[in-house]
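Student: Predicted coordinates and the sequence they were generated for:
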Amino acid sequence: MTPPSATLGKDLTGLEHMTPEQIRLILDTAEPFKEVSERPIKKVPALRGKTIVNLFFEASTRTRVSFEFAEKRLSADTVNVAATGSSVSKGETLVDTARNLEAMRIDMVVIRHPSSGAAEFLGNRIDSNVINAGDGQHEHPTQALLDLLTIRDKHGKIEGLKVCLVGDVLHSRVARSNLWGLTKLGAEVAVCGPWTLMPRGIEELGVKVFGRVEEAIEWADVLNVLRLQLERMEKGYIPSLREYYRVFGVTPERLERSPKAITIMHPGPMNRGVEIDSRVADGPHSVILDQVTNGVAVRMAVLYLLAGGRAELADAAKRGSE
Amino acid sequence: MPRPPKAEDRTTLLDARAMSRALQRMAVEVLELAQGTEDLLLIGIQRRGVELAERIAKLIEKDEGVAIPRGALDITLYRDDLQTVGPKPVIGETRLPGDLSGRHVVIVDDVLYTGRTVRAALDELTDFGRPKRISLCVLVDRGGRELPIQADIVGKSVKTAVGERVDVQVEELDGRDQVDVIR
């Protein structure tokens, strides 16, 4: 059980600097929010009157929609701002954009940005709560949190599990957030992929490295298969998509060799027939759609926890109420 | 495990036997109020209300020989003071047995004080359907209402002052049945 003293602070920018207690607090808080999405009226008034801006400087469907559902199911008012067609395309800086939004009295910003560190940069300069929805190659904390929740649902625990991230670990903010979250909660973590897509010195973080996907399959309880971004091929990281599938594709034939039923995860969007075979993605051990369902609950938990995190108000109210 | 004795002034309002008698009387009153068990549904408010609802339901089941559906309600997300008190770290389970429309819902809680918890519970139940009637059943009514809300069934009434606390302990969670007033 989470000690009641754990709080999140103002922003959620990444898992690197979070404590295991804070991560568990979010996962435990997400549990009851799952049920809210199953209700006939999928809405609770917890964030009524809060205004949240979803500031997306990069294309996103799943994450943006997931955040928007989470916000609306908590009764917050939401505005979506995309980089194209906004003042951003006229050359306004990130901080100016955010300050203008703040001048309209907003409470929270959910930001996705192509530059690593953008969320923290913004959080340090505005009073609103800032939630990182993916910043460059740095972190994508809510994705890792929903991955952790899905693993915990499926296996009943995270500690001691063997989780392997397969694919483009080098460029993946999902991988980076997962590495922090998994290691903090006591999982054994490995990575597997072409050496051109492995970060240098990753072994020093206590992470196993597999050069062959067969070795990863033999070892792992869970495979989190990362998206292979297609532009990696043009830049020469891999010879071809077919070659990648032949060597690193997660296929039923490869999985059959493991005596264990390996849980299959993918953060989406999938390239079927490149990093993952359709028969695996749609197979009995795939929890890929559970990840999407859990995404809404985890984001509701994060929004809810950040919205109430103002300690000085809490103290004042406690003195006045029962 | 019984809680360790504290330095504050603690007066026992109900001991285990008195609490048992109160619950038995409340169970009979619920039956009378609902005129039988047909549409009856007991909903306990997290946390101790859930245990009390379970007790009352079992007492009714023993007398009537029919299963009484029950549910649990966590009202945290419907509180009107979330902005000021901050979120409760872990929200309890909400579990309702199907559609509430046409049912006689009896809300069960341990202590009725300001009425704000019940206000939140009424709002939340409305989002699950349209019960034909909602009644309120509490183990202790300690006065001090801030909203026009009253209980239909009360185990024990007691006048308390601001700053005092009513501490309800139940066997399932606290190791014993007892209600104390702490001054």
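Tutor: On my side now, so go ahead. Numbering: from 1, shown residues only, chains lettered A, B, ... in the order given.

Student: would you say A:Ile131 is within a helix?
Tutor: No. A:Ile131: not assigned to a helix; according to DSSP: H, G, I helix; E, B strand; the rest coil it is strand.

Student: From chain B, how far off is it?
Tutor: A:Ile131 sits 15 Å away from chain B, taking Cβ to the nearest Cβ, to the nearest Å as the criterion. For every residue, glycine as well, the C-beta is placed using N, CA and C.

Student: Do you know the pLDDT at that residue?
Tutor: As predicted, A:Ile131 sits at a pLDDT of 98.

Student: Equivalent analysis for A:Thr13, please.
Tutor: 97.

Student: chain center to stretch A:143-161: distance?
Tutor: Mean C-alpha position of stretch A:143-161 versus that of the full chain (Cα atoms, centre = their mean, to the nearest Å) differs by 12 Å.

Student: State the mean pLDDT of that stretch.
Tutor: Rounded mean pLDDT across stretch A:143-161 is 98.

Student: So is that stretch next to chain B?
Tutor: No. On the criterion Cβ under 8 Å from any Cβ of the partner chain, stretch A:143-161 is out of touch with chain B, staying 14.3 Å away.

Student: okay, now A:Glu243: neighbour count?
Tutor: The number of residues packed near A:Glu243 is 13, by other Cβ atoms under 10 Å in any protein chain shown.

Student: Quick check: it vs A:Leu228, distance?
Tutor: If you measure A:Glu243 against A:Leu228 using Cβ to Cβ, to the nearest Å, the figure is 11 Å.

Student: repeat for A:Gly14
Tutor: Separation of A:Gly14 from A:Leu228 (Cβ to Cβ) stands at 23 Å.

Student: ok, the two, which is more surrounded?
Tutor: Neighbour comparison, A:Gly14 and A:Leu228: the larger count goes to A:Leu228, with 28 against 22 (by other Cβ under 10 Å).

Student: Now do the same for the more buried one: helix, strand or coil?
Tutor: Three-state call for A:Leu228 (three-state DSSP): coil.

Student: Any regions of the stretch 1-150 of chain A where pLDDT drops low?
Tutor: A:1-6, A:85-91 (pLDDT under 70).

Student: From the chain's centroid, how far away is the helix or strand harbouring A:Val189?
Tutor: Element membership for A:Val189 (DSSP states H and E) is strand A:188-192. On the basis of Cα atoms, centre = their mean, strand A:188-192 sits 17 Å off its chain's mean C-alpha point.

Student: Likewise for stretch A:234-250?
Tutor: Relative to the centre of its chain, stretch A:234-250 is centred 25 Å away, using Cα atoms, centre = their mean.

Student: One more: stretch A:242-261?
Tutor: So, by Cα atoms, centre = their mean, the centroid of stretch A:242-261 is 25 Å from its chain's centroid.

Student: again with stretch A:261-269
Tutor: With Cα atoms, centre = their mean, you get 14 Å for stretch A:261-269.

Student: Could you check the pLDDT of the residue nearest the centre of chain B?
Tutor: Centroid check for chain B by Cα atoms, centre = their mean gives B:Asp109 as the closest residue, at 0.9 Å. pLDDT recorded at B:Asp109 is 97.

Student: Would you mind naming what in the stretch 51-200 of chain A lies close to chain B?
Tutor: A:Leu74.

Student: so where do the helices sit in the stretch 151-300 of chain A?
Tutor: Secondary structure of the stretch 151-300 of chain A (DSSP state H, counting those that start in this stretch): helices located at A:173-184, A:213-219, A:231-234, A:241-248, A:252-256, A:278-281, A:288-307.

Student: List the contacts of the second one.
Tutor: Applying Cβ atoms under 8 Å, 6 or more residues apart in numbering or on different chains, the contact partners of helix A:213-219 are A:162, A:164, A:166, A:190, A:192, A:208, A:210, A:223, A:247-250, A:254-255, A:257-258, A:262.

Student: Now do the contacts for the residue lying closest to B:Glu93 once chain neighbours are set aside.
Tutor: Spatial nearest neighbour of B:Glu93, chain neighbours left out: B:Ala72 (5.7 Å); criterion: Cβ to Cβ, 6 or more residues apart in numbering or on different chains. B:Ala72 is in contact with B:43-46, B:50, B:53, B:92-96, counting by Cβ under 8 Å, 6+ apart.

Student: which of the residues you listed count as buried?
Tutor: Listed as buried from those are B:43-46, B:50, B:53, B:92, B:94, B:96; burial here means 16 or more other Cβ atoms under 10 Å in any protein chain shown.

Student: Output these as JSON lines; include the columns pLDDT and distance to chain A.
Tutor: Shown next, in JSON lines, are the buried ones among the contacts of B:Ala72 (pLDDT from 0 to 100; distance: Cβ to the nearest Cβ, whole Å):
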{"residue": "B:Ile43", "pLDDT": "98", "distance to chain A": "14"}
{"residue": "B:Gly44", "pLDDT": "97", "distance to chain A": "16"}
{"residue": "B:Ile45", "pLDDT": "96", "distance to chain A": "14"}
{"residue": "B:Gln46", "pLDDT": "92", "distance to chain A": "10"}
{"residue": "B:Val50", "pLDDT": "97", "distance to chain A": "14"}
{"residue": "B:Ala53", "pLDDT": "98", "distance to chain A": "18"}
{"residue": "B:Gly92", "pLDDT": "88", "distance to chain A": "7"}
{"residue": "B:Thr94", "pLDDT": "93", "distance to chain A": "6"}
{"residue": "B:Leu96", "pLDDT": "92", "distance to chain A": "9"}
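
Student: Give me the subset of those lying in helices.
Tutor: Members of those lying in helices (criterion: DSSP state H): B:50, B:53.

Student: Now residue 28: which helix or strand?
Tutor: Picking chain A for this. helix A:20-36.

Student: ah, no, chain B please
Tutor: helix B:16-34.

Student: starting at the chain centroid, how far to that helix?
Tutor: That offset, for helix B:16-34, works out to 13 Å (Cα atoms, centre = their mean).

Student: and if you look at stretch A:124-131?
Tutor: From the chain centre to the centre of stretch A:124-131 is a distance of 19 Å (Cα atoms, centre = their mean).

Student: Contacts for that stretch next, please.
Tutor: A:10-13, A:67, A:95, A:98-99, A:102, A:106-111, A:119-120, A:122-123, A:142, A:302-303, A:306-307, A:309.

Student: Equivalent analysis for stretch A:96-106, please.
Tutor: With contacts defined as Cβ under 8 Å, 6+ apart, stretch A:96-106 is touched by A:51-53, A:55, A:79, A:81, A:86-88, A:92, A:109, A:122, A:125-128.
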